[in-house]
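build me a model from this:
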Amino acid sequence: MERSSLEFNLSDTHEEGRLYVVDSLNNLNKLNVCPAESQRSLDEEENTGGTGESMAGSNTRNQCLFFVTFILTLTISLALVSFVIFLIFQTRNEVDLISSRLLSEKKNIEELKKLNNIILKYLNQSRIKE
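So this is what the prediction gives:
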């Protein structure tokens with residue numbers, strides 16, 4: 001059978017060399033198995049010595065940024081909703097005011113029509129007498 005390119009003769013290397021070879025094989029396996037995003041997180045973990053200090057700090061920072069953005073978004077949304085409610089009340093008040101004016105003008109127009117009819121009757125009667 002053919003020997004795989006991943007097989008090494010580990011008996012000739014020192015203990016550190018063995019660890020390096022095993023670590024290299026693990027990294028090669030991770031490259032073949034893990035997707036790109038997972039590989040980035042693995043690389044970051046290796047850069048921090050496998051303790052995950054950078055990831056914890058990054059996660060905390062991301063969570064803090066998320067909550068600050070969330071609170072800011074909620075505050076702006078609340079302000080916009082309050083403004084819209086204020087505009088609705090103002091518009092309703094203006095419509096009520098205009099409606100009351102129209103009703104009073106309608107009454108005035110009806111009174112003017114009555115007066116006009118009375119005047120026309122009077123003029124017609126006065127012409128008949130002449």
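
report all helices and strands that the helix or strand where N116 lies contacts.
Following DSSP states H and E, one finds N116 within helix 53-129. Secondary-structure packing of helix 53-129 (3 or more C-beta pairs under 8 Å, 6 or more residues apart in numbering; DSSP states H and E): helix 36-47. Every C-beta, even on glycine, is put in place using the N, C-alpha and C of the backbone.

in the protein, where is pLDDT below threshold?
1-19, 31-56, 130 (pLDDT under 70).

could you rerun that using 80?
For the chain, the stretches flagged by pLDDT under 80 are 1-57, 127-130.

from E94, how far out is L80?
L80 sits 21 Å away from E94, taking C-beta to C-beta, to the nearest Å as the criterion.

same check, this time on K30
68 Å.

if you count surrounding residues, which of the two has more?
Set side by side, K30 and E94 show more neighbours around K30, with 14 against 10, by other C-beta atoms under 10 Å.

quick check: which element contains the more buried one?
helix 15-33.

what residues are up against N59?
Applying C-beta atoms under 8 Å, 6 or more residues apart in numbering to N59 gives no contacts.

how near is it to K107?
N59 is 72 Å from K107, by C-beta to C-beta.

now swap in S77 and tell me
45 Å.
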